[in-house]
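*Asks:* this one's structure only:
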Ligand code: ADP
Ligand code: ZN
Ligand code: ZN
């Protein structure tokens, strides 16, 4: 798709170019019926159009008077849904950028990110906007001296005496021409506020904290005007959130809105609370746990400018803002910012593009920044701000390793780990046990013949869930009852092999019968409020043992936790994914960051078969930033991202050979567009790490290049060719630019 051109406004536009939800990388032309030519729909307005046998909602991309198709073949649009654009021009630009960069159909990108009710054609709820006028600084300084007109002078005097006067209060006395005239001289300006008017004198519900010196240095560096990208790199508990809050305060006082993106809202109820506790200003949320109506309302309040703070997860990056002021994206390293199917965008990367397009600052925060962002600091694209110490009193944790080569475990837990837990509990402290495997055991095996029970739909073992008495697949939700006899040799000796959180929970509870053991994983938190109830127990401060998956590594502050035990530190050391080591380091540092947040120093126990692994040594003894530098050097040597551009063409099909055959063709076509060279390499088709998943056979073709421009050129041509292939109809395929997983 071409760049965004200024909206052509031919005298009598005849043709409306429309994006609809479709896998095709093109827009569709419709005729504008004669009776609508006087009030044609603008770019970003929804229209209802015939599409095949159906009627669908489309978004107007442009008005034009020429089409590549014969006019008599074009159908007329049915109806105009919006008289004013649903999406502001700035957001449209972001979608066009994203469709180009990710080589994804624009209609699909637009419609899969819009609130469901808007997709269905529901009108945008009308905001009750109050129009207020105020004198500008120029008006206050020089206006009265320069103005000749009596009416305009009187108006300015009034606005200086009464800042923020409602337009309705002015109109009986002053004409619209007077209001407009003064504004044109830039002596006054219009401020629109929603129903809940922000009272700047009482903006704060609680006083801001006095910043420590490193927070203050960061705060002084962050310029809240204009585009710039700040990487706020501070250990967990170093006070990043306090900096976000203080930047947002500034932004609201400038009359602008803040968009705050976080990885997962259900895991971090505290985040919302901290924002609400601080500000007496409208805040809206946008995440998947809301109803369609709630999402629509939040979206509308962000778009109308009523909401001062928009707090949301990944797709909230596409929320329109009337008065864009700042984007804050917390835990920027988190994988959940990358959409893993369909429109595979990175909300982090798009947030930076959006901030640039809308001339606002963006803060990316993390205790464990991604190698991408660190590299962007090294090359000067982002500004690196560090917070090296924890805010308040808390100390950095003390790391200890348990050598699993010499110590046996019971249900995944070594005896020395148990005794450390016993000490903590005896001191009335709290403990967090981390194991990134939910369920009772990761496999069910026959003791006699070794037969393992696999998922019929996926290349994986079924996980034993004892409480449910079932075997479950964690990839496709297949489920069956526990087996008592081996399907292969009929032996009755079936065993649950390995340890998951459910088994370790049971074991811990048997070791500590008088202490609550709380399990936090997807199985225990499915019920609404379950997470909150658990957090409440923990926040009460009484001794308890939390055991959970990586859900526990995120966000939540546990002031009373003094011991963190990582049961299996090895799983990340030996993965074929080139990002595995980066992830491992991030996970360990994030989990460790849960400990010792109060006034007792925390301890972290790592159970590992590789206590001397050089990477663990660096991470523990020198910290994450050295660790990241080491990994970065390796990536550079191996020409891997972020030092090289990587794109996957993914395809899956219900038969094993279709996806592979399609990608073979794709590779041939790609090579005919740009032949392989030292600067551009093809690899594959290869099976995905889990080839069969949910009864689909998955393959990928990897294209890596030194120059983004080469890849862009190649992909923009390749996707158009692929769409035309008959084989494309037998597979599901898509482009994954900057993939996060293989
Ligand atoms: P992060 O977002 O980096 O994890 P937070 O902003 O949540 O850090 O701060 C961690 C804890 O320290 C919070 O309880 C917060 O209230 C407190 N804190 C932050 N900044 C200060 C400060 N300047 N003085 C005292 N306490 C602070
Ligand atoms: Zn058997
Ligand atoms: Zn499965």
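*Replies:* Okay, I see it. Treat the numbers as computed from the prediction; the structure is a model and nothing was measured. Residues are numbered from 1 along each chain as shown. Ligands and ions are numbered 1, 2, ... in the order given.
*Asks:* how about the nearest residue to the residue of the stretch 601-742 of the chain found nearest ligand 3, chain neighbours excluded?
*Replies:* Closest residue of the stretch 601-742 of the chain to ligand 3, CB to the ion: residue 694 (6.2 Å). Every C-beta, even on glycine, is put in place using the N, C-alpha and C of the backbone. Of all residues not flanking residue 694 in the chain, residue 476 sits nearest, at 4.1 Å (CB to CB, 6 or more residues apart in numbering).
*Asks:* ok, now residue 355?
*Replies:* Residue nearest to residue 355 in three dimensions, not counting chain neighbours: residue 362, with 3.8 Å by CB to CB, 6+ apart.
*Asks:* surely the one you found is within a helix?
*Replies:* No - under DSSP: H, G, I helix; E, B strand; the rest coil, residue 362 sits outside any helix and is assigned strand.
*Asks:* beta partners for it?
*Replies:* Taking DSSP bridges as the rule, residue 362 bridges to residue 229, residue 327.
*Asks:* just give me the neighbour total for it.
*Replies:* If you count neighbours by other CB atoms under 10 Å, residue 362 ends up with 25.
*Asks:* look up how far residue 546 lies from it.
*Replies:* Going from residue 362 to residue 546 by CB to CB, to the nearest Å gives 34 Å.
*Asks:* likewise for residue 628?
*Replies:* Residue 628 sits 28 Å away from residue 546, going by CB to CB.
*Asks:* likewise for residue 207?
*Replies:* Residue 207 is 32 Å from residue 546, by CB to CB.
*Asks:* check residue 325 too.
*Replies:* Plainly put, residue 325 is 37 Å away from residue 546 if you go by CB to CB.
*Asks:* picking up where we left off before, just say helix, strand or coil for the residue nearest to residue 694.
*Replies:* From three-state DSSP, the assignment for residue 476 is coil.
*Asks:* doesn't residue 693 make contact with it?
*Replies:* Yes - with contact defined as CB atoms under 8 Å, residue 476 reaches residue 693; the gap is 6.7 Å.
*Asks:* what do the two both touch?
*Replies:* Listed as contacting both residue 476 and residue 693 by CB atoms under 8 Å, 6 or more residues apart in numbering are 457, 458.
*Asks:* give the buried residues for the helix or strand hosting residue 617.
*Replies:* Taking DSSP states H and E as the definition, residue 617 sits inside helix 614-622. By neighbour count with 16 or more other CB atoms under 10 Å, helix 614-622 contains the buried residues 615, 616, 618, 619, 620.
*Asks:* and stretch 283-301, by the same measure?
*Replies:* Within stretch 283-301, the residues that count as buried by 16+ other CB under 10 Å are 283-287, 290, 295-301.
*Asks:* inside helices: which ones of those?
*Replies:* Among those, the ones falling in helices (DSSP state H) are 295, 296, 297, 298, 299, 300, 301.
*Asks:* quick check, nearest of those residues to residue 154?
*Replies:* Closest approach to residue 154 among these (CB to CB): residue 301, at 35.4 Å.
*Asks:* surely that closest one is in contact with residue 286?
*Replies:* No - contact criterion CB under 8 Å: residue 301 and residue 286 do not qualify, at 10.1 Å.
*Asks:* run through who's touching stretch 205-222.
*Replies:* When contacts are defined by CB under 8 Å, 6+ apart, stretch 205-222 is touched by residues 230, 232, 234, 238-239, 242-243, 245-247, 249, 277-280, 361, 363, 383, 385-389, 391.
*Asks:* find the closest residue to ligand 3 in the stretch 1-150 of the chain.
*Replies:* residue 112 (24.8 Å).
*Asks:* would you check how far apart whichever residue of the stretch 551-700 of the chain sits closest to ligand 2 and residue 575 are?
*Replies:* Of all residues in the stretch 551-700 of the chain, the one sitting closest to ligand 2 is residue 692 (23.1 Å; CB to the ion). For residue 692, the distance to residue 575 (CB to CB) stands at 19 Å.
*Asks:* residue 704: what secondary structure?
*Replies:* Following three-state DSSP, the label given to residue 704 is strand.
*Asks:* picking that back up, among the contacts of stretch 205-222, name the ones in strands.
*Replies:* 230, 232, 234, 361, 363, 383, 385, 386, 387 (DSSP state E).
*Asks:* tell me which residues touch the second one, please.
*Replies:* Put plainly, it is residue 232. Contacts for residue 232 (CB under 8 Å, 6+ apart) come out as 218, 240, 243, 363, 364, 365, 366, 385, 387.
*Asks:* again, but for the third one
*Replies:* Residues touching residue 234, when contacts are defined by CB under 8 Å, 6+ apart, comprise 214, 218, 240, 365, 367, 385, 386, 387, 388.
*Asks:* the fifth one now?
*Replies:* Contacts for residue 363 were tallied using CB under 8 Å, 6+ apart; they are 222, 230, 232, 243, 244, 247, 326, 327, 328, 329.
*Asks:* so which of these is the most crowded?
*Replies:* Greatest neighbour count in the contacts of residue 363, by other CB under 10 Å, goes to residue 232: 30 neighbours.
*Asks:* residue 437 contacts residue 503, doesn't it?
*Replies:* No - when contacts are counted by CB under 8 Å, residue 437 is not listed as touching residue 503 (9.4 Å).
*Asks:* assumed residue 606 was part of a helix.
*Replies:* No - applying three-state DSSP, one finds residue 606 to be strand, outside a helix.
*Asks:* find the nearest non-adjacent residue to it, please.
*Replies:* Computed as CB to CB, 6+ apart, the closest residue to residue 606 that is not its neighbour in sequence is residue 569, at 4.4 Å.
*Asks:* got CSV for the ones in helices among the buried residues of stretch 283-301, with distance to ligand 3 too?
*Replies:* Converted to CSV, these look like this (distance: CB to the ion, whole Å):
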residue, distance to ligand 3
295, 30
296, 35
297, 37
298, 35
299, 35
300, 39
301, 41
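*Asks:* tally of neighbours for residue 341?
*Replies:* Neighbourhood size, residue 341 [other CB under 10 Å]: 9.
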